[in-house]
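Asks: sharing a sequence plus its predicted fold:
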Amino acid sequence: MQYLLLINDEENDRDLMPEYMAYTQALQASGAMAGANQLQPAHTATTVRVRNGETLVTDGPFIETKESLGGYYLIDVDTLDEALEWAAKIPSARFGHIEVRPVVMRQAEVGA
């Protein structure tokens, strides 16, 4: 089963890169990592909405919190409990929150 670990915390100057590198190496070594990316800061985002057939484009995300989505890990593990264990080890979990979401698998992937 695949899970997306969405990393939400405040954009700041904390230097967590050494911790993230160690975490990523451990995740890779376990064979559970299916992908990962850090995202550019929230102010670089563009939000698109379609309302009544009209496309509305605004700069930045529409958020009412200090935390924003900073990156993600896509993991492949057997159980939700394993996904939660990996999420708890993400360095930003100490400051923000990690959202764990199961990925909907297409039928061809389920039978593979």
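Replies: Received, thanks.
Asks: now L74: which helix or strand?
Replies: Under the criterion of DSSP states H and E, L74 resides in strand 67-76.
Asks: so for T47, what's the pLDDT?
Replies: We have a pLDDT of 89 for T47.
Asks: around the closest residue to G96 other than its chain neighbours, count how many other residues there are.
Replies: Leaving aside its chain neighbours, G96 sits nearest to D9 (2.6 Å; criterion: Cβ to Cβ, 6 or more residues apart in numbering). The C-beta positions use only the backbone N, C-alpha and C, and glycine is treated the same way. Using other Cβ atoms under 10 Å, D9 has 22 other residues around it.
Asks: state whether D9 is indeed within a helix.
Replies: No. Counting by DSSP: H, G, I helix; E, B strand; the rest coil, D9 is not found in a helix; it is strand.
Asks: quick check: bridge partners of it?
Replies: S68 (DSSP bridges).
Asks: check contacts around it.
Replies: 67-68, 70, 92, 95-97 (Cβ atoms under 8 Å, 6 or more residues apart in numbering).
Asks: from those, which two are the most distant?
Replies: Among the contacts of D9, the pair separated by the greatest distance (Cβ to Cβ) is S68 and F95, at 12.6 Å.
Asks: return every residue with contacts to both of those two.
Replies: Jointly contacting S68 and F95 under the rule Cβ under 8 Å, 6+ apart are 9-10.
Asks: the more surrounded of the two?
Replies: A count of neighbours by other Cβ under 10 Å puts S68 above the other of S68 and F95, at 19 against 13.
Asks: is it true that that one touches E11?
Replies: Yes. Between S68 and E11 there is a contact under Cβ atoms under 8 Å: 6.3 Å.
Asks: find residues that contact each of these two.
Replies: Contacts common to S68 and E11, judged by Cβ under 8 Å, 6+ apart, are 41-42.
Asks: what is the neighbour count of E54?
Replies: Neighbourhood size, E54 [other Cβ under 10 Å]: 7.
Asks: tell me the confidence at it?
Replies: Per-residue confidence (pLDDT) for E54: 97.
Asks: in a helix, N12, correct?
Replies: No. Counting by three-state DSSP, N12 is not part of a helix but coil.
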